[in-house]
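>>> Have a look; sequence and predicted model below, questions after that.
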Amino acid sequence: NPETSDWRRNVIHAFNRFMAERGERNRWTDATRRKMMNVRRHLQEWRPDLKWSDFDEDGLFSYVAFLRTSTRMDNRKREEERGGLSDSTVEKHVGFLKWFLTWADHKGLLKCRDYASFRPKLQRAERPVIFLEWSELMTLYDLDLSDRPDLAPTRDVFCFCAFTSLRYSD
């Protein structure tokens, strides 16, 4: 069957099959589908004539370098911007690629298994934990909102979260 053999030879066709299979089985959300379509787009931009042999250690490092320096879409401005992806985003893309390569390996498509031990050195930006001091929390808790009663429930939920060690975003 030519269609069957085509997806086995063509990396992008195999990626499409991976998305169809895994997407159905794992009940991917729209957000996951968009992420995987971005991975596919990056792979196509990285190497338009992509081959299975491109996924050796040198190729994987080349892909990481490409992601770190490629153009990206600034969603706020809706325009392309030079500078590449942040290291945390590159790390996620590499994880998605490894998911695909594991699938491809199980299908017998890969001869090289360098992806399994591939761990590029990426910088992780440590984000400071931001919290209120007790006096700040009590100032908010005791705040008189009689002139803005619509804000009182929001304040109460925020204070409840702080008193119970929950992040407000959760």
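That came through, no problem.

>>> which ones are touching Leu97?
Val39, Leu43, Tyr63, Tyr115 (CB atoms under 8 Å, 6 or more residues apart in numbering). No exception for glycine: its C-beta is placed from N, CA and C like everyone else's.

>>> Inside helices: which ones of these?
With helices taken from DSSP state H, the overlap with the contacts of Leu97 comprises Val39, Leu43, Tyr63.

>>> and the gap between the first one and Phe61?
From Val39 across to Phe61, the span is 17 Å (CB to CB, to the nearest Å).

>>> Return the member of the contacts of Leu97 nearest to Leu145.
Taking CB to CB as the measure, Leu145 lies nearest Val39 of the contacts of Leu97, at 46.9 Å.

>>> Same list (the ones in helices among the contacts of Leu97) but as CSV, adding neighbour count.
Below are the ones in helices among the contacts of Leu97 laid out as CSV (neighbours: other CB atoms under 10 Å):
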residue, neighbour count
Val39, 21
Leu43, 21
Tyr63, 23
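
>>> picking that back up, dump the contacts of Leu97 to JSON lines, plus pLDDT and distance to Thr29.
Output for these, formatted as JSON lines (pLDDT from 0 to 100; distance: CB to CB, whole Å):
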{"residue": "Val39", "pLDDT": "93", "distance to Thr29": "15"}
{"residue": "Leu43", "pLDDT": "94", "distance to Thr29": "21"}
{"residue": "Tyr63", "pLDDT": "94", "distance to Thr29": "25"}
{"residue": "Tyr115", "pLDDT": "92", "distance to Thr29": "25"}
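
>>> if we can go back for a sec, the ones in helices among the contacts of Leu97 into a markdown table, with extra columns for distance to Ser70?
Output for the ones in helices among the contacts of Leu97, formatted as a markdown table (distance: CB to CB, whole Å):
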| residue | distance to Ser70 |
| --- | --- |
| Val39 | 13 |
| Leu43 | 11 |
| Tyr63 | 10 |
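
>>> Now flag whichever of those residues is closest to Phe163.
After measuring the ones in helices among the contacts of Leu97 against Phe163 - CB to CB - the closest member comes out as Val39, at 41.5 Å.

>>> Test my guess that that closest one contacts Trp99.
No - at 9.1 Å, Val39 does not count as touching Trp99 under the criterion of CB atoms under 8 Å.

>>> Report the buried residues of the lengthiest helix in the chain.
Ranked by number of residues, the top helix in the chain under DSSP H is helix 87-106. Across helix 87-106, burial judged by 16 or more other CB atoms under 10 Å covers 87, 90-91, 93-94, 96-98, 100-101, 103-105.
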